[in-house]
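In: no sequence on this one, just coordinates:
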């Protein structure tokens, strides 16, 4: 989506930055979770950790990861990738077990990577229509947002899907929220939120940002996700080969977003989700450093002591 307005950070954004990061969430894969002794060693109690469901994954691994995260004092929020759900019976088993064994009440529903469909569910709407999430008491349902679009779906299809999800939101007892794909351009994110809300969206938004990672890692993930404007930004950064091995922190992005407090409030932006592309421990410690006010403002960003 073409940016049509640029938002500049204010001189003193310290308190706004702390407020913006106050209730951040993270994510992990079952593979990564198996290598972590205890999430609570570096993630604060009750923090939400989303659990991905990648193509070819076994949902039982996601259930086990949810149990681990809950037992370590955190809030597990499993993904449900529609095109990777084999049957309605599998879906019900998955939902009944995560609610019964891991006390899950919060989830994220996505279509899934690519268009390959292994069962009866082509998209997230078809999962919602089963009524299974309501049946098992899921009280918070996340859906995907795409500030830069997605290569698998046209902008028109994305809009139609969001319109349908808003209808579910209006009639459901569950709280809905949008989690956006990570993006490196604050203007793209803010203009996207303005656009979808002007077109009728009423669902609150959680902004997705990249965590602490090497530039080469950010480029790799951006290529796999097909995010356009962000790739252009990263290519410019990577023009100097030495930059590829440098650790990048999203401080400039966060500061510019946090400084746009009026826009955040007006467009229902309620929080931030960190994609820990360079490792969940590193991103968690960086974010907690902000919450604990262990950072100093720089010219257009800030530096965290963690």
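Out: Perfect, I can see it now. From a predicted model like this one, the values you see are computed outputs, not experimental measurements.
In: so, low pLDDT: which residues of the stretch 1-150 of the chain?
Out: Scanning the stretch 1-150 of the chain with the threshold set as pLDDT under 70 gives 1-11, 114.
In: which residues in it form strands?
Out: Ranges of strands in the stretch 1-150 of the chain, per DSSP state E, counting those that start in this stretch, are 26-28, 48-51, 75-81, 106-110, 140-145.
In: can you lay out those as a markdown table showing mean neighbour count and distance to residue 269?
Out: Using the backbone N, CA and C atoms, a C-beta is placed for each residue, glycine as well. Formatted as a markdown table, those follow (neighbours: other CB atoms under 10 Å; distance: least, CB to CB, whole Å):
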| stretch | mean neighbour count | distance to residue 269 |
| --- | --- | --- |
| strand 26-28 | 22 | 18 |
| strand 48-51 | 24 | 16 |
| strand 75-81 | 24 | 19 |
| strand 106-110 | 23 | 17 |
| strand 140-145 | 22 | 11 |
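In: of the ones you listed, which approaches residue 306 most closely?
Out: Nearest of the strands of the stretch 1-150 of the chain to residue 306, taken as CB to CB: strand 26-28 at 14.6 Å.
In: tell me the strands beside the closest one, with direction?
Out: According to DSSP bridges, strand 26-28 has the following sheet partners: strand 48-51 (parallel).
In: which strands or helices does whatever helix or strand residue 161 lives in pack on?
Out: Using DSSP states H and E, residue 161 sits in helix 155-171. With contacts defined as 3 or more CB pairs under 8 Å, 6 or more residues apart in numbering; DSSP states H and E, helix 155-171 has these neighbours: helix 124-128, strand 175-180.
In: packing partners of the longest one?
Out: With contacts defined as 3+ CB pairs under 8 Å, 6+ apart, the secondary structure elements packing on strand 175-180 are strand 140-145, helix 155-171, strand 205-210, strand 269-275.
In: closest to residue 63 out of those?
Out: Of all the helices and strands packed on strand 175-180, strand 140-145 comes closest under CB to CB, at 18.1 Å.
In: the closest one to strand 75-81, inter-axis angle?
Out: Going by axes from the mean of the first three to the mean of the last three CA atoms, to 10 degrees, strand 140-145 is angled at 50 degrees with respect to strand 75-81.
In: what angle separates strand 140-145 from helix 155-171?
Out: 170 degrees.
In: can you list the strands that strand 140-145 pairs with?
Out: Strand 140-145 is paired, per DSSP bridges, with strand 106-110 (parallel), strand 175-180 (parallel).
In: got the contact list for the nearest residue to residue 147 once chain neighbours are set aside?
Out: Excluding the flanking residues, the one nearest residue 147 by CB to CB, 6 or more residues apart in numbering is residue 192, at 3.9 Å. When contacts are counted by CB atoms under 8 Å, 6 or more residues apart in numbering, residue 192 touches 1, 145, 147, 148, 180.
In: quick one, which of these are buried?
Out: By neighbour count, with 16 or more other CB atoms under 10 Å, the contacts of residue 192 hold 145, 147, 148, 180 as buried.
In: which two of those residues have the greatest separation?
Out: 145 and 148 (10.3 Å).
In: confidence score at residue 295?
Out: For residue 295, the pLDDT comes out at 95.
In: which residues touch it?
Out: Residue 295 touches 17, 251, 289, 302, 303, 304, 305, counting by CB under 8 Å, 6+ apart.
In: I figured the last one hits residue 290, correct?
Out: No - because the distance of 10.2 Å does not satisfy CB atoms under 8 Å, residue 305 is recorded as not touching residue 290.
In: looking at those two now, which is surrounded by more residues?
Out: residue 290 (22 against 8; other CB atoms under 10 Å).
In: understood, closing this out.
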